[in-house]
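Asks: I'll drop the sequence and a predicted model, then ask my questions.
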Amino acid sequence: MDKTLIAWLLLAASIAAEVIGNLALRRADGFSRVLPGAAALGCFALAVWLMSLVLRRLEMGLTYAVWAGCGIACTALLGILLHGEAASAARMAGLGLIVAGVVVLGTLGR
């Protein structure tokens, strides 16, 4: 398998780990609940480790922009879907702009 493709797959896994960590962090209740707190820390550590592998192959600026943008968008959408957070037009437009920015960086920003 192509090493660049593997790097993109690792980036997707890193994003997933970060998003799962964010969801666990919400359940950790200020780290007063041990299991979700430990899960959050473990997921964040995994996300950073995977990012370190990705950075061997992909540009740092692009990688971080994709990681942060996708992580923010996914976490916000899951907050809306799973926790009933507000889905205002402004919030959805902002998320759309984040996704558009990631797409532009990933396709045209090279």
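Replies: Looks like it arrived, so ask away.
Asks: which one is the spatially most central residue of the chain nearest to, not counting chain neighbours?
Replies: Centrality entry for the chain: nearest residue to the mean C-alpha point is residue 71, 2.2 Å, by CA atoms, centre = their mean. Spatial nearest neighbour of residue 71, chain neighbours left out: residue 18 (4.6 Å); criterion: CB to CB, 6 or more residues apart in numbering. No exception for glycine: its C-beta is placed from N, CA and C like everyone else's.
Asks: hmm, who's touching the helix or strand harbouring the one you found?
Replies: Assigned by DSSP states H and E, residue 18 belongs to helix 3-27. Contact with helix 3-27 is made by 33, 36-37, 39-44, 46-48, 50-51, 53-54, 56-58, 63, 66-67, 70-71, 74-75, 78-79, 82-83, as judged by CB atoms under 8 Å, 6 or more residues apart in numbering.
Asks: Counting only helices, which of those make the cut?
Replies: Assigned to helices by DSSP state H, the following of these qualify: 36-37, 39-44, 46-48, 50-51, 53-54, 63, 66-67, 70-71, 74-75, 78-79, 82-83.
Asks: Quick check: nearest residue in space to residue 74, chain neighbours excluded?
Replies: Excluding the flanking residues, the one nearest residue 74 by CB to CB, 6+ apart is residue 19, at 4.6 Å.
Asks: Report how many residues lie close to that neighbour.
Replies: 21 (other CB atoms under 10 Å).
Asks: For it, give its distance to residue 107.
Replies: Residue 19 sits 22 Å away from residue 107 when distances are taken as CB to CB, to the nearest Å.
Asks: filter the contacts of helix 3-27 to the buried ones?
Replies: Listed as buried from the contacts of helix 3-27 are 36-37, 39-40, 43-44, 46-47, 50-51, 54, 57-58, 63, 66-67, 70-71, 74-75, 78-79; burial here means 16 or more other CB atoms under 10 Å.
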